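Peer 1: 3D, please:
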Amino acid sequence: MLSALVLPIAALSASDFPADFVGDWRGTMEWSRPGQPGQKVAMRLKIERAAAGTDYTYLLAYGEAGKDERPYVLKPTDAAKGTWQIDERNGIVLEAAWLGERLVSVFSVGGNTIQTHLSREGDTLVSIMTTFGGGSKTGGKDGVPEVTAFQVLSVQRAVLRRSPR
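Peer 2: A predicted model of the protein is given here:
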């Protein structure tokens, strides 16, 4: 049955998020797509406490310095419950949740659904972004629930290390 596939949602962590994530993190993102050779791209994530309030700056960059920088803002909606928003500062605001020692966000753009995970693993920051497309429906007859299955289009995984100040 489908219920056997449902995983429990992890309890909120006692970790000090996002304070433990503050820093200038750099490394390599590996981009994998079915049937294509993998690609490696330099990646940077710089998280800093904003000058005032409870927000954090959240600079995401790919490639050479200054080439593809995305200056976002990480905002708590209810930090005690682990709910956050990533404001892209262009009218797009993504919902996120601190679950099981990771910041998780799911959104759709251009017909694709993207799931992101950001977590600390020892002295590294690990970012995983999985992109799904399409969607085919199966089941839905004779008491079997209808299920929509999505094609995995790509996985981007980066291991980042905090840069010395």
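Peer 1: spatially central, which residue of this structure would that be?
Peer 2: Nearest to the centroid of the C-alpha atoms of the chain, with distances taken as Cα atoms, centre = their mean, sits residue 116, at 2.4 Å.
Peer 1: isn't it right up against residue 105?
Peer 2: Yes: at 4.7 Å, residue 116 counts as touching residue 105 under the criterion of Cβ atoms under 8 Å. Placement of C-beta: from N, CA and C, glycine included.
Peer 1: overlap of the contact sets of the two?
Peer 2: residue 96 (Cβ atoms under 8 Å, 6 or more residues apart in numbering).
Peer 1: ok, now which ones touch residue 34?
Peer 2: The contact partners of residue 34, taken as Cβ under 8 Å, 6+ apart, are 152, 153.
Peer 1: what strand or helix carries the residue nearest to the centre of the chain?
Peer 2: strand 112-121 (DSSP states H and E).
Peer 1: try residue 94
Peer 2: Under the criterion of DSSP H and E, residue 94 resides in strand 93-99.
Peer 1: tell me the strands beside that strand, with direction?
Peer 2: The strands beside strand 93-99 in its sheet (DSSP bridges) come out as strand 83-87 (antiparallel), strand 102-109 (antiparallel).
Peer 1: tell me the buried residues in the last one?
Peer 2: Along strand 102-109, these residues count as buried under the neighbour rule (16 or more other Cβ atoms under 10 Å): 102, 103, 104, 105.
Peer 1: how about stretch 107-124?
Peer 2: Under the neighbour-count criterion of 16+ other Cβ under 10 Å, stretch 107-124 has 113, 114, 116, 117, 118, 119 buried.
Peer 1: end-to-end on that stretch?
Peer 2: The straight-line separation of the ends of stretch 107-124 (Cα to Cα, to the nearest Å) is 25 Å.
Peer 1: show me the contact partners of that stretch.
Peer 2: Stretch 107-124 is contacted by residues 15, 20-21, 27, 45, 94-96, 101-106, 125-133, 150, 153, 159-162 when judged by Cβ under 8 Å, 6+ apart.
Peer 1: among those residues, which are in strands?
Peer 2: Of the contacts of stretch 107-124, the ones assigned to strands by DSSP state E are 27, 45, 94-96, 102-106, 125-133, 150, 153, 159-162.
Peer 1: now stretch 42-57: mean pLDDT?
Peer 2: Per-region confidence: stretch 42-57 scores 92 on mean pLDDT.
Peer 1: can you dump the C-alpha atoms of it in CSV for me?
Peer 2: What follows is the C-alpha trace of stretch 42-57 in CSV, where atoms were taken according to Å, rounded to 0.1, in the frame of the first residue of the first chain:
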residue,chain,number,x,y,z
ALA,A,42,32.3,26.3,-8.7
MET,A,43,29.7,27.3,-6.1
ARG,A,44,29.5,29.7,-3.2
LEU,A,45,26.9,30.3,-0.5
LYS,A,46,27.5,33.3,1.8
ILE,A,47,25.1,33.6,4.7
GLU,A,48,25.3,36.6,7.1
ARG,A,49,23.1,38.1,9.7
ALA,A,50,21.4,41.2,8.3
ALA,A,51,22.2,44.6,9.8
ALA,A,52,18.9,44.8,11.6
GLY,A,53,16.1,42.3,12.6
THR,A,54,16.0,38.6,12.2
ASP,A,55,16.8,38.3,8.5
TYR,A,56,20.0,36.8,7.0
THR,A,57,21.6,37.7,3.6
